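>>> The sequence isn't on hand, but the structure is:
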């Protein structure tokens, strides 16, 4: 017995190594034939792991999944794993002689431009003796390049109509589960411990989620469920338990967003829901406007009053902290924007560099926590952050990316079949939800926020690829439905399945 115990501990590294190797082989075999499985672990991390520590009493903390490995690899190991997943998926497609996905072509030239711009900053930084780690840090704009990797990986791995439906239900159920978790913690355990309003501002508030990404996941679930209820109903209609599940995915995540007490989440939710309503039939649209919108606006109004009534000078003023005389002579938020704008005007063409910051950041109280190396390198406006770092060149690339996405959606909305709309509409709604945060928040330095935005950007292109005529015909040929394309009656092919018929009739 005395010998067996040491032998057991000595053998553990070898057992783990062999087990890991066997697991990788098994996973590789599964993912070559089911590439959509590749992205599920990454999406699960983005949905459930929060790196937000700003509102916690123990601000700072240790490394998380979103930072581990960055010291050695410059970027977190999670991002490198996502790049490997993209390469593996494309290799599997090449081995099976599948067509290279072209759905995201409208965005690719602009993301290539972002990559070249980042390389230019790297070269310039090295010539100026700026450490590479500082140029590629999250406080710059390197996360935008990783958006390209995530979008490409999503489009390459979700290839069939059945894959898209699995992804749709995965997002919806994850959003519902996250909302139930947040509401349960709010009701019984004091809400989110990362509560900046209580821990930093002294307000008597508890909230569901401070991290904007949890509200974004809830919005994706709400928007997908609404479109599934009114635009993607099977011929037999939803079963009773399915309707209950879908309405729960509308109600509970909506309540979770209201109780987040985040102004950016409230404004984003209104934008997302208005967009979704415009995609629904007119009869349904007006019914929801007359019944649901007043209820939602009343909830937001009450939550806003409960929060803002406790802040000096904020009662009845939704954007109180962006006024010049909101707090003392000048609001800190307004002062931050003013200082960053002045630094942008000093170098409007090329910006201050990915490693640079705005002058006078010492006047901003929350910047002191980051010291000389990090103070002034980020600010509460994603748009101005990019302008400061990259100048007009970056703003042109940003405008081009946005316009390409808008034009792609305008093309898709008249060609996508009903089965593709829940995924596509939810993606566009998620992008709209993030617009207020891009104006007055700090999205760019946050890896989780940028990856969630990348997921939203990818969903319309995923839907377009999965429900294209070629994808549906290939799925019919591989897994024919009863009476489908590969069943013959009287020497002639039978009618295609309902999904194939809807796509082929476009």
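Sure, I can see it. For clarity, every value in this text was computed on a predicted model and none was experimentally measured.

>>> How far does stretch 143-161 sit from its chain's centre?
12 Å (C-alpha atoms, centre = their mean, to the nearest Å).

>>> Ok, stretch 37-56 next?
The answer for stretch 37-56 is 10 Å, by C-alpha atoms, centre = their mean.

>>> likewise stretch 67-82?
Per C-alpha atoms, centre = their mean, the displacement of stretch 67-82 from the mean C-alpha position of its chain is 19 Å.

>>> which intervals of this structure have sub-threshold pLDDT?
1-14, 16-17, 19-33, 55-63, 95-102, 232-236, 312-330, 368-374, 469-506 (pLDDT under 70).

>>> One more pass at 50, please.
235, 326-330, 481-495, 504-505 (pLDDT under 50).

>>> spatially speaking, which residue is in the middle of it?
residue 452 (1.4 Å; C-alpha atoms, centre = their mean).

>>> element containing it, please.
If you go by DSSP states H and E, residue 452 is part of helix 447-466.

>>> From the contact counts, what lies against that helix?
Where contact means 3 or more C-beta pairs under 8 Å, 6 or more residues apart in numbering; DSSP states H and E, helix 447-466 is packed against helix 36-48, helix 142-157, helix 161-188, helix 212-230, helix 382-412, helix 421-433. All C-beta spots, glycine's among them, are computed from the backbone N, C-alpha and C.

>>> and the angle for that helix with helix 161-188?
150 degrees (axes from the mean of the first three to the mean of the last three C-alpha atoms, to 10 degrees).

>>> what's the angle from helix 447-466 to helix 382-412?
Helix 447-466 and helix 382-412 are oriented at 10 degrees to each other (the same axes, to 10 degrees).

>>> what angle sits between helix 447-466 and helix 142-157?
Going by the same axes, to 10 degrees, helix 447-466 makes 30 degrees with helix 142-157.

>>> what's the spacing between helix 447-466 and its chain's center?
Counting by C-alpha atoms, centre = their mean, helix 447-466 comes out at 7 Å from the chain centroid.

>>> for stretch 134-141, same thing?
In terms of C-alpha atoms, centre = their mean, the centre of stretch 134-141 is set 20 Å apart from its chain centre.

>>> Please apply the same query to stretch 346-364.
27 Å.

>>> Show me what stretch 103-120 is in contact with.
Stretch 103-120 has contacts (C-beta atoms under 8 Å, 6 or more residues apart in numbering) with 136, 140-142, 144-145, 147-148, 151-152, 155, 354, 390, 393-394, 397, 400-401, 404-405, 407-408, 457-458, 461-462, 464-465, 468.

>>> Selecting buried members of those in PyMOL, what would you type?
With 16 or more other C-beta atoms under 10 Å as the criterion, this PyMOL line picks the buried residues out of those:
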select buried, resi 136+140+141+142+144+145+147+148+151+152+155+354+390+393+394+397+401+404+405+408+457+458+461+462+464+465+468
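
>>> Show the contacting residues for residue 78.
Counting by C-beta under 8 Å, 6+ apart, residue 78 has contacts 42, 45, 65, 66, 68, 69, 447.

>>> Now it: which helix or strand?
Secondary structure (DSSP H and E) places residue 78 in helix 77-95.

>>> and what of residue 310?
Counting by DSSP H and E, residue 310 is part of no helix or strand.

>>> What residue, apart from its backbone neighbours, is nearest it spatially?
residue 203 (4.7 Å; C-beta to C-beta, 6 or more residues apart in numbering).

>>> Please report how far the one you found lies from residue 18.
Using C-beta to C-beta, to the nearest Å, we find residue 203 at a distance of 54 Å from residue 18.

>>> ok, now residue 180?
Distance from residue 180 to residue 18, by C-beta to C-beta: 39 Å.

>>> The two: which is more packed in?
residue 180 (14 against 11; other C-beta atoms under 10 Å).

>>> Contact partners for the nearest residue to the more buried one once chain neighbours are set aside?
Nearest in space to residue 180, with sequence neighbours left out and distances taken as C-beta to C-beta, 6+ apart, is residue 252 at 6.2 Å. Taking C-beta under 8 Å, 6+ apart, we find residue 252 in contact with 176, 179, 180, 183.

>>> Verify the contact between the second one and residue 256 for me.
Yes. Contact status for residue 179 versus residue 256: in contact at 4.1 Å, counting by C-beta atoms under 8 Å.

>>> can you give me the angle the helix holding residue 78 makes with helix 142-157?
Relative orientation of helix 77-95 versus helix 142-157 (the same axes, to 10 degrees): 30 degrees.

>>> Check which residues of the following helix or strand past helix 77-95 are buried.
Using DSSP H and E, the next helix or strand after helix 77-95 towards the C-terminus is helix 108-127. Judged by neighbour count (16+ other C-beta under 10 Å), helix 108-127 contains these buried residues: 110, 111, 113, 114, 117, 118, 121, 122, 125.

>>> List the contacts of the nearest residue to residue 306 once chain neighbours are set aside.
The shortest distance from residue 306 to any non-neighbouring residue, by C-beta to C-beta, 6+ apart, is to residue 205 (7.1 Å). Neighbouring residues of residue 205 by C-beta under 8 Å, 6+ apart: 195, 197, 198, 261, 306, 307, 310.

>>> So which of the residues you listed sit within helices?
197, 198, 306, 307 (DSSP state H).

>>> Give me the buried subset of those.
By 16+ other C-beta under 10 Å, the ones in helices among the contacts of residue 205 give 197, 198, 307 as buried.

>>> Residue 67 contacts residue 74, correct?
No. Between residue 67 and residue 74 no contact is recorded; they are 11.6 Å apart, counting by C-beta under 8 Å.
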